[in-house]
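[1] sequence and predicted structure are below.
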Amino acid sequence: MILADELVSASTPQPMMKSKDPTSSVRIAAPARRSLFVTILGCFVILGSALASIISVLTGMMFLVGSYGTSSGMTLEGIIILLGPPVTLVAGVALIRRRRWAYVYLLLLLVSVLAYNGDQLGRGPTPQSTRVSPSGVPTTTLASGGRGSVPVIAGCVALLAALLVRNVRAEFGLIPMKTCETADSSNDAVKWRVGHRGRDSMYYEELHGGIWERIDIDGEMLMGRAHHVIYFATAPAWNAYPAWAQGRRDEIISRIKSQFREPDYEYLGDIA
C-alpha cells in the first residue's frame with residue numbers, strides 16, 4: 001500500500017501555490033513532490049538487491065561451514081558479496097521513504113560501480129599467462145576480454161545525472177526551498193514570509209527593523225496525499241516564542257496555513 005500511495009501521489013501534478021494577499025506579487029513553490037522517477041528507481045533497487053541477497057545468504061552459509069574456497073578467510077570481495085545486497089535492500093526502502101542517507105549511499109554506489117568499470121575497461125584485455133608454483137605445479141590463466149562494461153558505465157552516468165537534478169535533491173532536503181514574501185495589507189511596513197527548513201520543519205519570519213526574525217515550526221514529511229503535517233505549538237508553549245510573536249498565535253497560524261494549504265498539508269494543534 002505504501003508503494004501504491006507513492007506512485008499515485010508522485011504522478012499527480014501539483015500547481016504553484018500563491019498568496020491570497022493582494023499586495024503579494026511573489027509566488028511560492030510547494031515543497032518538491034516525490035517524483036515517480038525516484039519511486040520507481042527505489043523499487044528496482046529493492047528488487048535487484050533482494051535477488052542478490054540470495055547469493056549473500058549462500059555465501060554466508062559457505063563461510064560458516066568452511067566449504068572449499070573459504071578456508072583462507074573472507075576476502076574483500078567476499079565481504080562485499082555478503083553485506084552489499086542486504087544493505088542495498090534497506091537503502092532501497094529508505095530511498096522510497098526519501099531518507100537522505102539512502103540518497104547519498106546510492107550516489108556512492110553508482111560512483112563506485114562507475115569507477116570500477118572504467119578502471120577495468122581501461123586495463124583492456126588480459127593475455128593468457130602461465131606461472132609455476134614453488135612446488136613445480138603450473139597454473140594457467142586464460143585470456144580475458146576485459147571486465148568493464150560500456151552499457152553499465154553509460155547507465156551509471158545517466159542515473160547520476162538524473163539524481164543530481166535540483167528537484168530530486170529537493171526531495172531529500174538537500175537544497176533550500178523557495179519562500180514567499182508578502183506585505184500585510186493593513187500595514188505595508190510589516191512583511192512576512194514562510195518556508196521549509198530541511199526535510200520536515202517549516203519557519204515563519206517577519207521583518208523588524210531591517211532584520212528577519214524567525215520562529216521555527218515543527219513538521220513531518222508524510223507519504224500520503226498530504227506530503228507534510230505541521231505541528232503548531234500549544235497556546236502555553238507559544239508564550240515561549242519571541243516577544244514579537246506572543247499574543248499573535250491565531251494571526252501567524254492563519255498566515256502559515258494561507259501558504260501551506262490543504263490538502264497538500266495537514267495541521268495539528270492549529271485549534272487552541
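    Sure thing, it's come through. Residues are numbered from 1 along each chain as shown.
[2] from here on, contacts and neighbour counts on C-alpha atoms
    Will do.
[3] where exactly do the strands run in the chain?
    Taking DSSP state E as the criterion, the chain carries its strands at 17-18, 27-28, 129-132, 138-141, 180-184, 187-197, 201-208, 211-221, 228-231, 265-268.
[4] out of the ones you listed, nearest to Y241?
    Minimum separation from Y241 across the strands of the chain (Cα to Cα) falls at strand 211-221, 7.1 Å.
[5] related to what we said a few turns ago, looking at the strands of the chain, which is buried most?
    Of all the strands of the chain, strand 228-231 has the most neighbours on average by mean count of other Cα atoms under 10 Å, namely a mean of 21.
[6] who does that one touch, helix- and strand-wise?
    If you count contacts as 3 or more Cα pairs under 8 Å, 6 or more residues apart in numbering; DSSP states H and E, strand 228-231 packs onto strand 211-221, strand 265-268.
[7] dump those strands to JSON lines, plus mean pLDDT.
    Listed next are the helices and strands packed on strand 228-231 as JSON lines, based on pLDDT from 0 to 100:
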{"stretch": "strand 211-221", "mean pLDDT": "91"}
{"stretch": "strand 265-268", "mean pLDDT": "92"}
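[8] using TSV, lay out the ones you listed together with distance to G173.
    Converted to TSV, the helices and strands packed on strand 228-231 look like this (distance: least, Cα to Cα, whole Å):
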stretch	distance to G173
strand 211-221	10
strand 265-268	17
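[9] need the strands of the chain in JSON lines (columns: distance to V157).
    Shown next, in JSON lines, are these (distance: least, Cα to Cα, whole Å):
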{"stretch": "strand 17-18", "distance to V157": "34"}
{"stretch": "strand 27-28", "distance to V157": "32"}
{"stretch": "strand 129-132", "distance to V157": "34"}
{"stretch": "strand 138-141", "distance to V157": "32"}
{"stretch": "strand 180-184", "distance to V157": "35"}
{"stretch": "strand 187-197", "distance to V157": "30"}
{"stretch": "strand 201-208", "distance to V157": "33"}
{"stretch": "strand 211-221", "distance to V157": "30"}
{"stretch": "strand 228-231", "distance to V157": "32"}
{"stretch": "strand 265-268", "distance to V157": "35"}
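[10] between those, which one is nearest to A245?
    Among those, the nearest to A245 by Cα to Cα is strand 211-221 (8.2 Å).
[11] the closest one versus strand 201-208: what angle between them?
    160 degrees (axes from the mean of the first three to the mean of the last three Cα atoms, to 10 degrees).
[12] contacts made by strand 211-221 with the rest, please.
    By Cα atoms under 8 Å, 6 or more residues apart in numbering, the residues outside strand 211-221 that reach it are 199-207, 227-233, 241-242.
[13] mind doing that once more with 10 Å?
    With Cα atoms under 10 Å, 6 or more residues apart in numbering as the test, strand 211-221 has contacts from 97-98, 191-197, 199-207, 227-233, 241-242, 244-245, 253, 256, 265-268.
[14] what's the biggest helix by length in the chain packed up against?
    With DSSP state H setting the assignment, residue counts place helix 36-65 as the longest helix in the chain. Counting contacts by 3 or more Cα pairs under 10 Å, 6 or more residues apart in numbering; DSSP states H and E, helix 36-65 packs against helix 2-10, helix 76-96, helix 100-123, helix 150-163, helix 166-171.
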